Every structure is written in structure tokens, then in C-alpha cells.
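Sequence and predicted structure, then a few things I'm wondering about:
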Amino acid sequence: MKAAGWLAIGLSCLAVMTAAAQSPPRDWETADPASAGFDPTRLDAMTAAIGKGDFQKITSVAIARDGRLVYEHYFDEGGRDAPRNTRSATKTVTGMLVGLAIADGALAGVKTPVTPFFPELRPLQNPDPRKDKITVEDFLTMSSPLECDDSNSFSRGNEERMYLIEDWVRFTLDLPIKGFPPWTTPPDQSPHGRSWSYCTAGTVTLGAVIQRATKQNIQDFAQARLFGPMEFGPVEWQVTPTGTAMTGGGLGLRSRDLLKLGQLYLDGGVWHGRRLISADWVRISTSAQAQVDEQTDYGYLWWIKRLKTAKGEEQAWLMNGMGGNKVIVVPRLRMVVTITTTNFRVRDAHALSERILTDHVLAAIGG
């Protein structure tokens, strides 16, 4: 999500709802970095480089390997218990909640059409029979037929246009169907049969689908099925102008709790011996469903990237947010890394965060 969008949210005085855990959060088992296969001197060098500003405004880095917290450092005044606004990185949480709604039987599956959940919005603008065929999966994979592209300032569906109106779901479903001029690649000629474009509006609409399907507000559903069982600390939700939770990003979570979400997926949906998300949902969510570029695929609101390192390529699953905010799962190395930042207006912020990962964290692992 772009900086201007978050400014628009602030100017609109959208409510922030905070749900504190009912009991002290269960924190990580810790381990010495060396015992987990890290060179401590390299991690110390990373700490020093971040501290002197080589990576601009990094606010925290946390690393877990084999289910144990081996490195944690905070570079701002917030400290360990401060919720971090990682912007669009928490879109991935929306994908988790979709999987839970399906597991509960509230949603029939990813092929469920979206428009029937919103009969009061009819008639839709730009009517087209293809709109009634848009599925939950289309929004999970950022590949619906709607003309929505946050990276294109001319796009009808650009998120900055969405923030200017009250009903963001109506905004989404009123969008026209996208066209494919000769210099673009249509879905039937694209890898995985999907034409990808980044669309915050679709993820916002998924939140409204979850709420109507489960007959619970998002905050309660997430607390009951995910955050509560994982014993999260404070959770800060932003709320849209119509009162639903903002599921397109901006969810405030502690760095340690963001790390837990990555560990949950690394362990196939199990947290401390308790299955929370089905193994099949984890597998399909982190499998390529659409192609972003030659190095990057997209699953169900997870980025799947082949990272270039000094030792070769390393596949990773990422939760990505503006400013280079990231939760990175590296399955082969049984490792999860959280990087939080306030580099919202810094050029190439994602590249800065990925350099922390490749040049420092991965370089510190022996073998």
C-alpha cells in the first residue's frame, strides 16, 4: 500500500481498533545463534550496519531457525512489544483467514463467486457477465479480470482512487473489465493461465467476503481462529469508512508475532503441536499460481521468490509491505526472518531489505 493511501486513511480519521491479548503472550524459545548454525560475528556486523544507517530506517530484525528465536534487535524506541505497521505485508493474513473460513465450512472453496455476497450493490457499474464469475481465488492470486493495478497511476482500480470514496467494496465491483492491448499478455497466454496485477481493492473485498461468510467481524474471527491460539500480543486493526476491518494491509502486529506467522507456514500450518491451518492450504498458498516476473511468482497472497545470493539461488516465501517490510520464510534452511522498516518514501526500499537478508542473514549461515 502506498504512502499517500495511508495518509488518506489518516486524514479520513479511520478508527483504529486494538485488541489486547487476554493473557501474557507465549514468547519464543530462544537459542544462541552459533548453536543454530550462524556466525555471530556476521550478525554483529549486520547489527552495526543497520545501526549506522546503511539500510536507512530499519526498525527491527528477528530471526528464527528450527523453531527457536536466535536473533532479535530493535533499532527504534518501540522495542519488542510495539505493534509494527508493515503495510501490505499483512495482506497475507487475509489469505490465512480465507483458508480458515473454508476449513470451517463458511466458504465453499476458492472457486466461490464473490458478487453474490453483495446483492445490495446491484446494479453494478460497468455491467459485464464476467463479473459474476470472479472468484475468491481470483482475488487471492491478484489476477481477477477487473481493471485494477496499483502500480499504474492511470488504472481505474488504483488504490489511491479507492481511498477517496466511502464504500471500498462497491468501488471494487464497479470497476470495468480490463483489456489486453497487443503489447500485453492475456491470461490464456500467461504462465499458470493468469494475468497478474497488484490490486489492494481485491484484498479489501476478500475481507468483506470473509465477514459475510462467517457472520463474524474480521477482528473476532481472526482472534478466535489465529491470533488467540498463537497467543499474540497487541493487535491493531485499521477500519474502512464503512466499518469493516481493513484487510488490504496496515494490521499492526509485534515483530515476534509476525515471525510466528512465518513459522506457522514453515511448519505446515502447525503451531506448538496444534494444527491451525490445513497442510493443503499452506501448500497451495505457497505454490505458484501466477507469475510476477522472471524471479517471482505469486501464490495465495504470498510472494514466491528466487533470491540471488553469493551461494546461488534460494527460494523463499514472502509477506511483503511498502517500505521493505517483510516476513521471509526460507524452507530449505528451516528459517524465518522478520524485517520491519519505516522506509516508506525511500527508493528501492525492498532491495535494501533483501540485501539484509542475502548479504547478512544468509551469509551468516555456515555450510
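Great, that's in hand.

Kindly list the longest helix within this structure.
Longest helix in the chain, counting residues (DSSP state H): helix 200-214.

what about it, average pLDDT?
For helix 200-214, mean pLDDT rounds to 98.

Can you mark which positions in that helix are buried?
200-214 (16 or more other C-beta atoms under 10 Å). For every residue, glycine as well, the C-beta is placed using N, CA and C.

packing partners for it?
Applying 3 or more C-beta pairs under 8 Å, 6 or more residues apart in numbering; DSSP states H and E, one finds that helix 200-214 contacts helix 91-103, helix 136-140, helix 159-162, helix 168-173, helix 218-222.

Can you mark which positions in the shortest one are buried?
Think helix 159-162. E159, E160, R161, M162.

Can you tell me which of those residues comes closest to G193?
Closest approach to G193 among the buried residues of helix 159-162 (C-beta to C-beta): E159, at 25.4 Å.

wait, the closest one sits on Y198?
No: if you go by C-beta atoms under 8 Å, E159 and Y198 don't touch, sitting 9.0 Å apart.

Now list whatever residues contact both of the two.
The contact sets of E159 and Y198 overlap at D150 (C-beta atoms under 8 Å, 6 or more residues apart in numbering).

Name the surrounding residues that touch stretch 213-222.
Taking C-beta under 8 Å, 6+ apart as the rule, stretch 213-222 contacts 17, 19, 93, 97, 100-101, 104, 106-107, 117, 207, 210-211, 224, 235, 237, 244-245, 247.

Give me the neighbour count for the closest residue to G67 other than its chain neighbours.
Distances taken as C-beta to C-beta, 6 or more residues apart in numbering place Q263 nearest to G67, at 6.4 Å, with adjacent residues excluded. Close neighbours of Q263, defined as other C-beta atoms under 10 Å, add up to 25.

Give the helix, strand or coil label for the closest residue to T30 other than its chain neighbours.
Excluding the flanking residues, the one nearest T30 by C-beta to C-beta, 6+ apart is L69, at 4.8 Å. The three-state label given to L69 by DSSP: H, G, I helix; E, B strand; the rest coil is strand.

ok, L69 touching A36?
No: using C-beta under 8 Å, L69 makes no contact with A36, being 9.5 Å away.

Tell me where the stretch 1-150 of the chain is predicted with low confidence.
The stretch 1-150 of the chain contains residues with pLDDT under 70 at 1-26.

quick one: the helices in it?
Listed in chain order, the helices of the stretch 1-150 of the chain (DSSP state H, counting those that start in this stretch) span 3-11, 40-51, 91-103, 136-140.

Low-confidence regions, the stretch 201-350 of the chain specifically.
Applying pLDDT under 70 to the stretch 201-350 of the chain flags no residue at all.

Any buried residues in stretch 176-188, and which?
Buried residues in stretch 176-188 (16+ other C-beta under 10 Å): P176, K178.

picking up where we left off before, dump the helices of the stretch 1-150 of the chain into CSV; add distance to V270 as well.
Listed next are the helices of the stretch 1-150 of the chain as CSV, based on distance: least, C-beta to C-beta, whole Å:
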stretch, distance to V270
helix 3-11, 34
helix 40-51, 28
helix 91-103, 14
helix 136-140, 22
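
Dump those into CSV; add mean neighbour count and distance to N325 as well.
Below are the helices of the stretch 1-150 of the chain laid out as CSV (neighbours: other C-beta atoms under 10 Å; distance: least, C-beta to C-beta, whole Å):
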stretch, mean neighbour count, distance to N325
helix 3-11, 15, 12
helix 40-51, 16, 14
helix 91-103, 24, 11
helix 136-140, 24, 20
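
Relative to D76, which of these is closest?
With distances scored as C-beta to C-beta, the stretch of the helices of the stretch 1-150 of the chain nearest to D76 is helix 40-51 (10.9 Å).

The closest one - contacts with which helices or strands?
Using 3+ C-beta pairs under 8 Å, 6+ apart, helix 40-51 sits against strand 58-65, strand 68-74.

Alpha carbons of the longest strand along the chain, as CSV, please.
Criterion DSSP state E: the longest strand present in the chain is strand 312-321. The C-alpha coordinates for strand 312-321 follow below in CSV (Å, rounded to 0.1, in the frame of the first residue of the first chain):
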residue,chain,number,x,y,z
GLY,A,312,23.4,-19.4,-5.5
GLU,A,313,19.6,-19.1,-5.6
GLU,A,314,17.5,-19.6,-2.5
GLN,A,315,13.7,-20.0,-2.8
ALA,A,316,11.7,-18.0,-0.2
TRP,A,317,8.1,-17.2,0.6
LEU,A,318,7.5,-13.6,1.5
MET,A,319,4.9,-11.4,3.1
ASN,A,320,5.7,-8.0,1.5
GLY,A,321,4.8,-4.5,2.5
